[in-house]
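Trainee: Got a predicted structure plus its sequence, pasted below:
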Number of protein chains: 2
Amino acid sequence: LKGYGNLSGVVILDTGKKSVKGVVRFVQQTPNICIIDGTVDGLNPGKHQISVHECGDLSEGCSSVGSYFNPYTNGSRSVYGNIGCVNAESNGRAAFRIDDNVIKLSEIIGRSFVISDEKNNRLACGIIARSAGLFQNPKKICAC
Amino acid sequence: LKGYGNLSGVVILDTGKKSVKGVVRFVQQTPNICIIDGTVDGLNPGKHQISVHECGDLSEGCSSVGSYFNPYTNGSRSVYGNIGCVNAESNGRAAFRIDDNVIKLSEIIGRSFVISDEKNNRLACGIIARSAGLFQNPKKICAC
Ligand SMILES: [Zn+2]
Ligand SMILES: [Zn+2]
């Protein structure tokens, strides 16, 4: 993953079901590719859905973040914010890297990221925050 | 406060010192006025500083959010993100409304808001998230 100098984001998934925790990073690698790289623990094995929702308002947990984010620029899929599915292994961990050609990180900063089960229950969510580059030097010079 | 139709933001201050909690709302009311309206509890009576920092990365609490946000457009004060001081009353509450003419909400979404004591210790922080309008109708139609 190369992210230095580009916009990057981070989500700490710590709202929602207490047993589900994770971190997801976003890097806008090129104007058309946003890399979404995450690890989520505490899931039931099997398919889960990951999505971007309109708001970053967690005042009522994962229920106050609104619907799928779906601006007019929904690119190559019908719903912009409906990123897709990831699989949790038998140990409860889903680890994924998606090179997404729909999302533009600048459009989703401040909104929320949600992981849901197959019945569409929102298990965990977090705000998509600006972060320093992934391979930033150890002095933590901040360029976000 | 009128915010309907404009960009608005919310910060839940729940990272940092456990006894300090608060909510701050932002509304870009005109191109030049961002209203910052907040209530923070659990403070020692007296002066506190509020500020916007570069990152929204709370992975190491309030210490991973970087320095004051200070882009080239720092307007009428020397440091863009150094909003100013608020006063906590004897009950530990600081309630404030600032009509700020430096901050543009679109520039700070995804970054962080910090309240610090007079010695510059960061007491509490949170990510500046996109929110629905303040006076949104009860159906929660989301326009953020
Ligand atoms: Zn940064
Ligand atoms: Zn909204």
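Mentor: That came in fine, so what should we check first? Numbering: from 1, shown residues only, chains lettered A, B, ... in the order given. Ligands and ions are numbered 1, 2, ... in the order given.

Trainee: Nearest to ligand 2 within chain A, name that residue for me.
Mentor: At 3.8 Å from ligand 2, A:Cys55 is the closest residue in chain A, using C-beta to the ion. All C-beta atoms are positioned from the backbone trio N, CA, C, and that covers glycine.

Trainee: Spatially nearest residue to that residue (excluding sequence neighbours)?
Mentor: Ranked by C-beta to C-beta, 6 or more residues apart in numbering or on different chains and with sequence neighbours excluded, the top spatial neighbour of A:Cys55 is A:Gly66, at 4.5 Å.

Trainee: is it true that the one you found touches A:Glu54?
Mentor: Yes - between A:Gly66 and A:Glu54 there is a contact at 3.5 Å, judged by C-beta atoms under 8 Å.

Trainee: Mind checking what secondary structure the spatially most central residue of chain A has?
Mentor: Centroid-nearest residue in chain A, with C-alpha atoms, centre = their mean: A:Phe113, separated by 4.4 Å. What DSSP: H, G, I helix; E, B strand; the rest coil gives for A:Phe113 is strand.

Trainee: how near is it to B:Val20?
Mentor: Distance of A:Phe113 to B:Val20, given as C-beta to C-beta, to the nearest Å: 26 Å.

Trainee: before we move on, back to that, residues in contact with the residue of chain A closest to ligand 2?
Mentor: For A:Cys55, the contacting residues are A:Ser64, A:Val65, A:Gly66, A:Arg111, A:Ser112, B:Ala129, B:Arg130, B:Ser131, B:Ala132, B:Cys142, B:Cys144, by C-beta atoms under 8 Å, 6 or more residues apart in numbering or on different chains.

Trainee: Which members of those residues are classed as buried?
Mentor: Taking 16 or more other C-beta atoms under 10 Å in any protein chain shown as the criterion, what is buried in the contacts of A:Cys55 is A:Ser64, A:Val65, A:Gly66, A:Arg111, A:Ser112, B:Ala129, B:Arg130, B:Ser131, B:Ala132, B:Cys142, B:Cys144.

Trainee: Would you agree the first one is in contact with A:His53?
Mentor: Yep, that's A:Ser64 we're talking about. No - shown here, A:Ser64 and A:His53 do not form a contact pair, counting by C-beta under 8 Å, at 9.5 Å.

Trainee: and A:Thr73, how many residues sit next to it?
Mentor: A count of nearby residues for A:Thr73, using other C-beta atoms under 10 Å in any protein chain shown, gives 9.

Trainee: Distance check, it against chain B.
Mentor: If you measure A:Thr73 against chain B using C-beta to the nearest C-beta, to the nearest Å, the figure is 16 Å.

Trainee: So which residues of chain A form strands?
Mentor: Secondary structure of chain A, counting by DSSP state E: strands at A:8-13, A:15-16, A:21-30, A:33-41, A:46-53, A:59-62, A:82-88, A:94-100, A:112-116, A:122-127, A:129-131.

Trainee: out of these, nearest to ligand 1?
Mentor: strand A:129-131 (6.2 Å).

Trainee: Kindly point out the strands partnered with that closest one and how each is oriented relative to it.
Mentor: Here the strand partners of strand A:129-131, with direction, are listed using DSSP bridges: strand A:8-13 (antiparallel).
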